[in-house]
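# Let me see the structure of the following:
(4 chains)
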Protein chains: 2
Amino acid sequence: MLDRTHLKIIQAIQQYGTLTKSAEALHLTQSALSHAIKKLDAELGVPMWEKEGRQLRLTQAGKRLSSLANRVLPQFEHCESQITDIAKGRRGTLRIGMECHPCYQWLLKVIEPFLREWPDVDIDVKQEFQFGGLGALLGYEIDLLVTPDPLFRRGLEYVPVFDYEHVLVVNSDHHLASVEYAKPSDIGRDVLITYPVEASRLDIFSQFLLPAGCSVKQHRTLETTEIMLHMVAAGRGVGALPKWLVEEYSDHLDLIPVRLGKKGMFKQIFMGIREEDQAIDYVAEFINTAQL
Amino acid sequence: MLDRTHLKIIQAIQQYGTLTKSAEALHLTQSALSHAIKKLDAELGVPMWEKEGRQLRLTQAGKRLSSLANRVLPQFEHCESQITDIAKGRRGTLRIGMECHPCYQWLLKVIEPFLREWPDVDIDVKQEFQFGGLGALLGYEIDLLVTPDPLFRRGLEYVPVFDYEHVLVVNSDHHLASVEYAKPSDIGRDVLITYPVEASRLDIFSQFLLPAGCSVKQHRTLETTEIMLHMVAAGRGVGALPKWLVEEYSDHLDLIPVRLGKKGMFKQIFMGIREEDQAIDYVAEFINTAQL
DNA sequence: TCAAAACCATGAACAATGCTCATAAATGTT
DNA sequence: AACATTTATGAGCATTGTTCATGGTTTTGA
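Numbers count the residues shown, from 1 in each chain, chains lettered A, B, ... in the order given. Below you'll find the predicted structure:
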């Protein structure tokens, strides 16, 4: 019967390439591994690897097994650590996925009191997912998703956690610094600085520039909010961020928020969880504190 | 180490309630099971069950394990059967998920030539999913999703497979039988027959009646297309279905398709797969034949 | 080209794990 | 209280997986 050890074996061989090294990683002898894979091939009736000289290449069947390993093993590990956490009196780890870059700053503020109140719960924040945040939630890679884009599905629950206005950020020298609101064509000669995600996921493109058929002189990306704001304050470009975030920095930096379009761009951030997890006390409590 | 057998045990006990029956189902003696769960509890450091008299109830930790079992075991089984299929020279099973009821008829037409061309591939059609069709695709419950509602995510590919017009169906005695198109208020005194899914997933509600603030006299649901059409032909109500589907039955049944709104309601159906599966020949071929 | 190095395969012996059997204890039923 | 059903326990057995020792194969590099 296909078993967790088999998945570990296939994963190790994928990772290390040779039996000898894999065996070492698995705390086995090379012999044991050799026996094991021979038996596995025999049991399943088809080899998992083909040998090209010394190279081991996965067969079609092996690829299936490898795919199973990659998605199932992490779940085993997480479940195990959750349970041993419970055993030790700790409550476990809340794995939070983020689909909106600037929310990170907000999350930090929420996390702090939570960690104080729940000393026996750990928090883990992840930002990259193979199938996107929703996929990660459904695939049990994360337990909680912070997203501006709630895709309601059966079995999932979304809760709005906060509203904010998305604004353009410029410095006081910029020609838009004193206007009431910015039009899409106003930034045609500017450098736009954003987080490094696909343009389709950036509201400034999808909901402001693109619908009006406008573009910018240059599009630059930066990982960190702080540096982004420093660049804007230095007149090296304009940004698009939550207004509250801009206001937090406008004490020490020369930053002016400018409304996007006449009506402004108002966003709502949601937290999504799996229905079944609603019953877990610290999950419920996290959502509670986050809503304040 | 947590293992597949442990997951099977917890699942069996959930299902059968008592150790004795579970042991039988697992082809073990009651003694073996008793030993096994004792060891499991000891290894994890926390009991998985609490005894209320003779009743076994899952603890918090046990619930985690049970949840793991429920989502992981099916994947083991599917992977195993895929591989043994390959071993036997068969190619495996293409698991198709359907999120649109009337597409079933269309699928039947597509499946037929495919099964002829690929005698070593089986097809499995599923319609109910815990986390909806998308969740099933991401969770490896299905390999291919037929849906009117493509949610583009990283790691997924969607292909449009066909377009159709969604129409109201009435019989020739109905007062709408001869009009050019139906307005939302026109069916306020009718019985509307639909498939048994939430109203929010029925376009006739979400895109026709609701936006106009209209409703119907009564809303009935029926599983099968055929009976639904018989009811309509008998004047017992009106339906909302793809035009091509209505036309297929209008030879033997008294059915008239009526455009929904002045501009009609045009829909597009997509097939979604995981990117990684694009390389599998029979999957690619299925999509090809389906696009014709 | 040939030896050395790295890697893999195999069989026998051993160790550990899990299973069964037999039986006792606990729980629920009448 | 007696009985039926279910669970727990310990000892012995069987299976499985592991190591050890060794021989074969592929690759490397002088």
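
# Which residues of chain A lie near DNA strand C?
With CB under 7 Å from any atom of the strand as the criterion, chain A meets DNA strand C at residues A:18-21, A:30-31, A:34-35, A:37-38, A:51, A:54, A:56. The C-beta positions use only the backbone N, C-alpha and C, and glycine is treated the same way.

# For the closest residue to chain B within the stretch 51-200 of chain A, list the residues it contacts.
Nearest residue of the stretch 51-200 of chain A to chain B: A:Ala87, at 3.4 Å (CB to the nearest CB). A:Ala87 makes contacts with B:44-46, B:61, as judged by CB atoms under 8 Å, 6 or more residues apart in numbering or on different chains.

# out of these, which touch DNA strand D?
Near DNA strand D, judged by CB under 7 Å from any atom of the strand, there are no entries from these.

# biggest separation within these, which pair?
Maximum pairwise distance among the contacts of A:Ala87 (CB to CB): 9.1 Å, between B:Gly45 and B:Ala61.

# Now list whatever residues contact both of these two.
Listed as contacting both B:Gly45 and B:Ala61 by CB under 8 Å, 6+ apart are A:83, A:87.

# Could you check which of those two is surrounded by more residues?
When neighbours are counted by other CB atoms under 10 Å in any protein chain shown, B:Gly45 and B:Ala61 differ, and B:Ala61 comes out ahead with 23 against 12.

# which stretch of helix or strand covers the more buried one?
Here B:Ala61, judged by DSSP states H and E, is contained in helix B:60-87.

# Parallel or antiparallel, list what pairs with the helix or strand following that helix.
Once the chain leaves helix B:60-87, the next helix or strand it forms, by DSSP H and E, is strand B:92-98. According to DSSP bridges, strand B:92-98 forms sheet pairs with strand B:121-126 (parallel), strand B:144-147 (parallel).

# residues of strand B:92-98 that come out buried?
Buried residues in strand B:92-98, defined by neighbour count with 16 or more other CB atoms under 10 Å in any protein chain shown: B:92, B:94-98.

# for stretch A:250-268, same thing?
Buried residues in stretch A:250-268, counted by 16+ other CB under 10 Å: A:253-260, A:265, A:267.

# try stretch A:270-288
A:270-274, A:277, A:280, A:282-283, A:286-287.

# Dump those into JSON lines; add distance to chain B, secondary structure and pLDDT as well.
Formatted as JSON lines, those follow (distance: CB to the nearest CB, whole Å; DSSP: H, G, I helix; E, B strand; the rest coil; pLDDT from 0 to 100):
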{"residue": "A:Phe270", "distance to chain B": "16", "secondary structure": "strand", "pLDDT": "93"}
{"residue": "A:Met271", "distance to chain B": "17", "secondary structure": "strand", "pLDDT": "95"}
{"residue": "A:Gly272", "distance to chain B": "12", "secondary structure": "strand", "pLDDT": "95"}
{"residue": "A:Ile273", "distance to chain B": "12", "secondary structure": "strand", "pLDDT": "95"}
{"residue": "A:Arg274", "distance to chain B": "8", "secondary structure": "strand", "pLDDT": "93"}
{"residue": "A:Asp277", "distance to chain B": "9", "secondary structure": "helix", "pLDDT": "89"}
{"residue": "A:Ile280", "distance to chain B": "8", "secondary structure": "coil", "pLDDT": "88"}
{"residue": "A:Tyr282", "distance to chain B": "11", "secondary structure": "helix", "pLDDT": "91"}
{"residue": "A:Val283", "distance to chain B": "12", "secondary structure": "helix", "pLDDT": "92"}
{"residue": "A:Phe286", "distance to chain B": "17", "secondary structure": "helix", "pLDDT": "93"}
{"residue": "A:Ile287", "distance to chain B": "19", "secondary structure": "helix", "pLDDT": "92"}
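
# sorry, back to before: of the buried residues of stretch A:250-268, which belong to strands?
Among those, DSSP state E puts A:256-260, A:265, A:267 in strands.
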